[in-house]
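Could you work out the structure for the sequence below:
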Amino acid sequence: MFLIVAKYLIPEGYRGLTIFPFVLVKYGFDKVNETLLNHEKIHLRQQLEMLILPFFVWYFFEYLIRLIQYKKTDLAYRNISFEREAYANESNLSYLENRSFFQFLKYVTLQQK
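Numbers count the residues shown, from 1 in each chain. Predicted coordinates:
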């Protein structure tokens, strides 16, 4: 993982972004934010297991489906299966040690309002 502070590359309202093998954070102090970094490491694992490009294709199409479903951008984003897995487990710093492959699939049907 290559950790980069990139204030102007992170969209408004977000603090981190992962594009394998890079994790970009908006603020320097987030370089030691274990919860945020764990969230982004979960995305790294998801991207690796999907061979990177298919991850982004799936992410984009699932976002569109969730946007149609919820009609709100933030709600659509938070209900993407990859994000649901990452948010649900970001505080568990040992999550990746025991995580099964394609674990995000269990979050495809679960929905949050």
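
show me where pLDDT drops low in the chain?
110-113 (pLDDT under 70).

mind listing the helices for it?
Ranges of helices within the chain are 34-49, 53-70, 73-78, 81-89, 95-98, based on DSSP state H.

Let me have those in JSON lines, adding distance to residue 1 and mean neighbour count as columns.
(Glycine included, C-beta is placed from N, CA and C.) Formatted as JSON lines, the helices of the chain follow (distance: least, CB to CB, whole Å; neighbours: other CB atoms under 10 Å):
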{"stretch": "helix 34-49", "distance to residue 1": "6", "mean neighbour count": "19"}
{"stretch": "helix 53-70", "distance to residue 1": "16", "mean neighbour count": "14"}
{"stretch": "helix 73-78", "distance to residue 1": "22", "mean neighbour count": "14"}
{"stretch": "helix 81-89", "distance to residue 1": "15", "mean neighbour count": "20"}
{"stretch": "helix 95-98", "distance to residue 1": "11", "mean neighbour count": "12"}
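
can I get those helices in a markdown table with distance to residue 24?
Output for those, formatted as a markdown table (distance: least, CB to CB, whole Å):
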| stretch | distance to residue 24 |
| --- | --- |
| helix 34-49 | 9 |
| helix 53-70 | 15 |
| helix 73-78 | 17 |
| helix 81-89 | 15 |
| helix 95-98 | 19 |
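
of all these, which lies closest to residue 17?
Residue 17 lies closest, by CB to CB, to one member of the helices of the chain: helix 34-49, at 7.8 Å.

who does that closest one touch, helix- and strand-wise?
When contacts are defined as 3 or more CB pairs under 8 Å, 6 or more residues apart in numbering; DSSP states H and E, helix 34-49 sits against strand 16-19, strand 22-25, helix 53-70, helix 81-89, helix 95-98.

Throw these into a markdown table and include distance to residue 35, thanks.
Converted to a markdown table, the helices and strands packed on helix 34-49 look like this (distance: least, CB to CB, whole Å):
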| stretch | distance to residue 35 |
| --- | --- |
| strand 16-19 | 10 |
| strand 22-25 | 12 |
| helix 53-70 | 21 |
| helix 81-89 | 10 |
| helix 95-98 | 11 |
